[in-house]
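Visitor: task: produce atomic coordinates for the following.
(chains A and B)
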Amino acid sequence: MTPIRLDLVLREAVATPYSDLVTRSTGVAVRNHLLATLRDRPLADAHLDFSEVGFMDFSCADEVVAKLLLEVAQLPVGRIVLHGLREDHAEAIDHALDRYDLTLAALTADSGRACLLGRVAEDWAPTFACLHALGRTAAPPIAAELAWPVARASAALVALADRRCVIAHPDATFELGIAR
Amino acid sequence: MRVIPVPSHLDDRSLDQLAASLGEWPPSEPVLLDAHATEWSSPSGFTALLTLGQSMREAGLPTPRLALPTGDGVASYWAKAGFLRHAEELFELHGKVPRRRTEEQSDQLLPVTAVREARDVHEVVGRMTERATKLLKQELGLEASVVGGFGQSLSETCQNIVEHSGTGGWVAVHIYNFRRRLGRKAAVIAVSDAGIGFRRSLEATQAKRFGDRWGDGPAIETALIHNISRFRDPGRGQGLAGTKRYLARWQGKISIRSGTARVAITPAWDDEPPMTTGLAWFPGAQVTIVIPAREESA
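Guide: Modelled structure (predicted):
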């Protein structure tokens, strides 16, 4: 699915040439715009591209990402994945998600590194990183890589799949499902 | 006519002297703010003076007079900082008024700017353009990621005006040398509004918890230390929390004055107490954020 460019959504939502995601009212407008777009694309994953966004403050991170994630749970939408995040974007989003016990997968702007944002249990980040490195795989190779019991790797993968940070396949394999 | 002397060096701390000279509020007689001997003002001083003028206008009081500094170049600097452009709308200016021109200066990231609505916050953040980013890097040795956090802090402090004050306010951002306290340069974000203040903003939801102890100090502490806003939404109150995290990482400082109290989160280089109560009352709320240069850039 083609990523949704947040800078373009911003301009459409507030009808101005701003490129900064700042102020709560702007965040609400952008979220509503995104929700309308996602309602038109049932069952699709939502890839949100932040690469052309300037500053993003904490209020917008809360309104655009955290509250979007909460509302999308009520819609027939697949996963939400964030792309093109700068370090300061990631920090604001990480903090906003943590307030609601939410977790998201994201790709950073500089290196395209995959990371988790928000509430992240201790085993999730190494599992996620390992899956990113190995590609689609089952729990045993992850467990071998991390020198863990298979049950531990499996529990982390299932938890990440429950939070829609990775994709669980019927053959007990998992993948990030985001561009590498 | 009540003559209120403006301190020779007006900043977030010496504002207390100005507040003490104000006396009862509202003043029972016309006011003259006498800045003829003022040699320097920080952005906090500029925004606070405008807040005072705005408060007097909103209280329906006679237009206060402002005697401009007479020292060499001081009034010109006040004009270039964007202060006089706004002051002439709120004060009857006395003294030689320099050409009213706001100039881009190396020490000004943002001249004094009015903030009344969300659109103004966009404008303010939008002006943190390439030039400002370059100055933060050149003058303070800050990296790009630090500049991002700076924009976030600026946006959040300006939004507090729009979200909580019930009226408009002012913002200015300068870089100057904190020679005595810090020994190097720092960027200062000063935001001041003439609104209802922290105590009234939080009273309905928080006063009961404090009982007799409720006042300006506990109200600021509730917002700044405990990240609580008047909204029940868990996503609210996080702007200050994020700003604090950013400042902690870069040895920055934040202080908030509202009503009769000031609460500060201070790094090792500053000696301001965490909470000061019993100050002379001043209208609205004043937020000052200081982000020091990296040590090797001093």
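Visitor: domains in chain A, as residue ranges please.
Guide: As recorded under automatic domain parsing, the domains making up chain A are A:1-119, A:121-180.
Visitor: for the ones you listed, which one ends up most surrounded?
Guide: Ranked by mean neighbour count, the domains of chain A are led by domain A:1-119 with a mean of 20 (mean count of other C-beta atoms under 10 Å in any protein chain shown). C-betas here are computed from N, CA, C, even on glycine.
Visitor: re earlier: adding mean pLDDT, write the domains of chain A out as TSV.
Guide: TSV is the format used below for these (pLDDT from 0 to 100):
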stretch	mean pLDDT
domain A:1-119	90
domain A:121-180	94
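Visitor: list phi and psi for whichever residue of chain B sits closest to chain A.
Guide: Residue nearest to chain A within chain B (C-beta to the nearest C-beta): B:Gly148, separated by 2.8 Å. Taking degrees, to the nearest 10, you get phi -60, psi -50 for the backbone angles of B:Gly148.
Visitor: distance of it from A:Gly54?
Guide: The gap separating B:Gly148 from A:Gly54 is 9 Å, by C-beta to C-beta, to the nearest Å.
Visitor: excluding residues flanking it in the chain, which one is nearest the residue in chain A that chain B sits nearest to?
Guide: In chain A, the residue that lies nearest chain B is A:Asp88 (2.8 Å; C-beta to the nearest C-beta). Spatial nearest neighbour of A:Asp88, chain neighbours left out: B:Gly148 (2.8 Å); criterion: C-beta to C-beta, 6 or more residues apart in numbering or on different chains.
Visitor: quick check: closest non-adjacent residue to B:Leu247.
Guide: Closest residue in space to B:Leu247, ignoring its immediate chain neighbours: B:Ile254 at 5.7 Å, by C-beta to C-beta, 6+ apart.
Visitor: quick check: beta-bridge partners of that neighbour?
Guide: Taking DSSP bridges, one finds B:Ile265, B:Ile289 as the beta-bridge partners of B:Ile254.
Visitor: my guess is it contacts B:Val287. True?
Guide: Yes: assessed by C-beta atoms under 8 Å, B:Ile254 is found in contact with B:Val287 at 7.1 Å.
Visitor: who has more neighbours, the two?
Guide: Each of B:Ile254 and B:Val287 has its neighbours counted (other C-beta atoms under 10 Å in any protein chain shown); B:Val287 has more, 29 against 23.
Visitor: residues contacting the more buried one?
Guide: Contacts for B:Val287 (C-beta atoms under 8 Å, 6 or more residues apart in numbering or on different chains) come out as B:Thr157, B:Asn160, B:Ile189, B:Ala190, B:Val191, B:Ser192, B:Ile254, B:Ser255, B:Ile256.
Visitor: the third one belongs to a strand?
Guide: Yep, that's B:Ile189 we're talking about. Yes: B:Ile189: assigned to a strand according to DSSP: H, G, I helix; E, B strand; the rest coil.
Visitor: quick one: pLDDT of it?
Guide: Predicted confidence (pLDDT) at B:Ile189: the value is 94.
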